[in-house]
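# Just the structure for this:
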Amino acid sequence: MKDNENIFLTTSLEITKVDVKDLQVGMYVSELDRPWAETSFLFQGFELKSEADIDEVKRQCEHVFIDVTKTNKNINQTIKVSNTAYSKGWLEKREIPKKKSSFTDEIHQAESVYSETSSLVKGFMEDVAFGRSINVQMAKKVVSDCVQSIVKSPDALMWLTQLKNADEYTSQHSMNVCIFAISLGRHIGLSAEELEDIGLCGLMHDMGKMKVPSEILNKPGRFEPEELKIMQSHPTLGWKLLMSDNEMPGCAIDAAYGHHERMDGTGYPRGLKGDRIHPYTRMITIVDMYDAISSDRVYKKGRTHLEAINVLTKASGSQLDEGLVIKFIECLGIYPPGNIVEMTNGEVAVIVEVHSTKRLKPKVTMLLDANKKRVNPRLVDLAKMNLDSNGNNYGIKRMVRPEEYHLDINLLYKMGLLQSMKTK
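Numbers count the residues shown, from 1 in each chain. Presented below is the predicted three-dimensional model:
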């Protein structure tokens, strides 16, 4: 069996999520991908006794949960799962794909993709806010463009995720979650088709927020209990919104509904546990949490990369899928593109591109000299430099927040910061 083909799991799991196209007569349906009351089924749990039963489930659901212990023992005892990233030991055996291009070769195209995606996400959210439908085909197209860029060189779009505006948090967050999810998927070796699915999950995961009153969504402070209840309704609102579109893939609907669920059952809105949470949704949960923690809001500054991955690590194994957290941290690296660092000699630079083998020696663009004075941006490959001009060991000392040295990445970008990288 090839790695990118579907995995078959045995009956070691009592409850298993199954795509409706893989249902068999004799299986026992214990849970649906939507509330029972919103379907025509009379009983909450039933055996599929005929092909007509299967056809009715297919008409109303994208996937269901099968209780293996109640399934007819005469049917095929393997249950087909429509995702590859969660068989035991699968993640541990993954090899990181090689980049097909460099940051400098890809950044121009990445800027175009980022700009187009940004505009479309804002447009989608405006459509939802005004009761219009989402153009799913256009969404799939921009996600496909993101996939192509990230497969070539993930550093380029990852760098652009650092261009954040607190006043446009919701739309930028959805775009960043899309980019991070595709990058994670690439890191664990998912196919191009799977990367497009996970990217769409990221792009659509927060659409329900457009149904939350703006005074609550944009409130610059702590929610009152009733306001928090309304805010926490956005996964259900997103599920209902995306369910109404026949073109929207089931995995994106599931991610919108489940991205605040937690592996230990402490999440919302359904309190799902472990294997009842779709694999793609687990991925979206992790990257959603990372970007939310590291982004500026109207009421607070985002945390640093290292602080954010520390939060993920603490939640790993309980609230978050441990194997995927490890892979996501590997994917980002210690020094992700777009982050600001101080060098051992006092210079300050921005990370450009991470080497696949020398991950502690990335390419950087110098912004400040040792006296913290502005310099003309210049690209430096730390993998080729061991000593500074004084003959001392040279490398990254620590990560810093841009405002610590009065730097504004957005402003530097607008002033042509990337031009110094493209010409090298």
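
# Which pLDDT value goes with L13?
As summarised for this prediction, L13 has a pLDDT of 37.

# Sorry, slip of the keys, the one I care about is G274.
We note a pLDDT of 83 for G274 in this prediction.

# Would you quantify the distance from the closest residue to it other than its chain neighbours to P279?
In space, and not counting its chain neighbours, G274 is closest to M263: 5.4 Å by CB to CB, 6 or more residues apart in numbering. All C-beta spots, glycine's among them, are computed from the backbone N, C-alpha and C. Separation of M263 from P279 (CB to CB, to the nearest Å): 12 Å.

# cool, R34 as well?
19 Å.

# Comparing the two, which shows the higher neighbour count?
Higher neighbour count among R34 and P279: P279, with 20 against 17, using other CB atoms under 10 Å.

# Go ahead and measure how far the helix or strand containing P235 is from the middle of the chain.
Remark: P235 resides in helix 234-243, with elements defined by DSSP states H and E. On the basis of CA atoms, centre = their mean, to the nearest Å, helix 234-243 sits 18 Å off its chain's mean C-alpha point.

# Summarise which helices and strands it is packed against.
Under the contact criterion of 3 or more CB pairs under 8 Å, 6 or more residues apart in numbering; DSSP states H and E, helix 234-243 touches helix 250-258.

# which residues are in contact with the helix it packs on?
For helix 250-258, contacts defined as CB atoms under 8 Å, 6 or more residues apart in numbering pick out 19, 33, 62-63, 197-198, 200-208, 235-236, 238-239, 241-243, 269-270, 272, 277-278, 280-281, 284-285.

# now stretch 222-229
For stretch 222-229, contacts defined as CB under 8 Å, 6+ apart pick out 216, 219, 231.

# quick revisit: out of the contacts of helix 250-258, list just those in helices.
Among these, the residues falling in helices (DSSP state H) are 197-198, 200-204, 235-236, 238-239, 241-243, 280-281, 284-285.

# low-confidence ranges in this structure?
Scanning the chain for pLDDT under 70 picks out 1-15, 72-89, 420-424.

# longest helix of it?
The chain, longest helix under DSSP H: helix 103-129.

# right, and D381 touches K358 too?
No - counting by CB atoms under 8 Å, no contact exists between D381 and K358, whose distance comes to 9.6 Å.

# what about those two, which has more around it?
Taking other CB under 10 Å, D381 and K358 do not tie; D381 has more neighbours (15 against 12).

# Name the residues linked to the more buried one by a beta bridge.
Beta-bridge pairing of D381 under DSSP bridges involves K363.

# please renumber so the chain begins at 52
Happy to do that; since the first residue is 52 now, the last one works out to D432.

# How much space separates it from K414?
For D432, the distance to K414 (CB to CB) stands at 5 Å.

# before we move on, what about V71?
In terms of CB to CB, V71 sits 47 Å off from K414.

# next one: M209
13 Å.

# Tell me if I am right that V401 is in a helix.
No - checked against DSSP: H, G, I helix; E, B strand; the rest coil, V401 lies outside a helix; its state is strand.

# mind listing what it touches?
Per CB under 8 Å, 6+ apart, neighbours of V401: 389-392, 415-416, 418, 460, 463, 468.

# Apply 6 Å and report the result again.
391, 416 (CB atoms under 6 Å, 6 or more residues apart in numbering).

# beta partners for it?
In beta-bridge terms (that is, DSSP bridges), V401 pairs with I391, T416.

# So what does N427 have for phi and psi?
As for N427, its main-chain torsions (degrees, to the nearest 10) stand at phi -70, psi 130.

# Next, count neighbours for it.
7.

# what does Y464 give?
Y464 has 17 neighbours, counted by other CB under 10 Å.

# Give me the more crowded residue out of M209 and K414.
More crowded of M209 and K414, by other CB under 10 Å: M209, with 26 against 23.

# For the closest residue to L363 other than its chain neighbours, give me its contacts.
Using CB to CB, 6+ apart and skipping residues adjacent in sequence, the residue nearest L363 is V376, 5.2 Å away. Neighbouring residues of V376 by CB under 6 Å, 6+ apart: 337, 363, 367.

# Which one (most neighbours) among the residues you listed?
Highest neighbour count within these, by other CB under 10 Å: I337, with 26 neighbours.

# Distance-wise, check it relative to L211.
Note on I337: its distance to L211, by CB to CB, is 20 Å.

# Same question for V451.
Counting by CB to CB, the gap from V451 to L211 is 20 Å.

# which one of these two has more residues nearby?
L211 (24 against 15).

# Pretty sure that one sits against V164.
No - contact criterion CB atoms under 6 Å: L211 and V164 do not qualify, at 8.8 Å.

# tell me, how many neighbours does Q213 end up with?
As a burial measure, Q213 scores 21 neighbours (other CB under 10 Å).

# which residues touch it?
389, 460.

# any idea whether it is helix, strand or coil?
coil.

# Can you report phi and psi for it?
Dihedral angles for Q213 - degrees, to the nearest 10 - are phi -80, psi -10.

# Look up how far V164 lies from it.
Counting by CB to CB, the gap from Q213 to V164 is 16 Å.

# ditto for E312
In terms of CB to CB, E312 sits 30 Å off from V164.

# for the chain, what spans make up the strands?
Taking DSSP state E to define them, one finds strands in the chain at 59-60, 66-70, 79-83, 97-98, 114-118, 130-131, 391-394, 399-404, 414-419, 425-432, 447-451.

# Can you list the strands that the fifth one pairs with?
Meaning strand 114-118. strand 66-70 (antiparallel), strand 79-83 (antiparallel).

# how about those strands, which one is nearest Y445?
strand 66-70 (50.9 Å; CB to CB).

# how far does that closest one sit from the chain's center?
22 Å.

# How about stretch 176-194?
For stretch 176-194, the distance to the chain centre is 19 Å (CA atoms, centre = their mean).

# thinking again about what came up before, just the buried subset of the contacts of stretch 273-280, please.
Buried members of the contacts of stretch 273-280, scored by 16 or more other CB atoms under 10 Å, are I267.

# how about the contacts of stretch 273-280 in TSV, adding distance to M299?
Below are the contacts of stretch 273-280 laid out as TSV (distance: CB to CB, whole Å):
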residue	distance to M299
I267	25
K270	29
M282	23
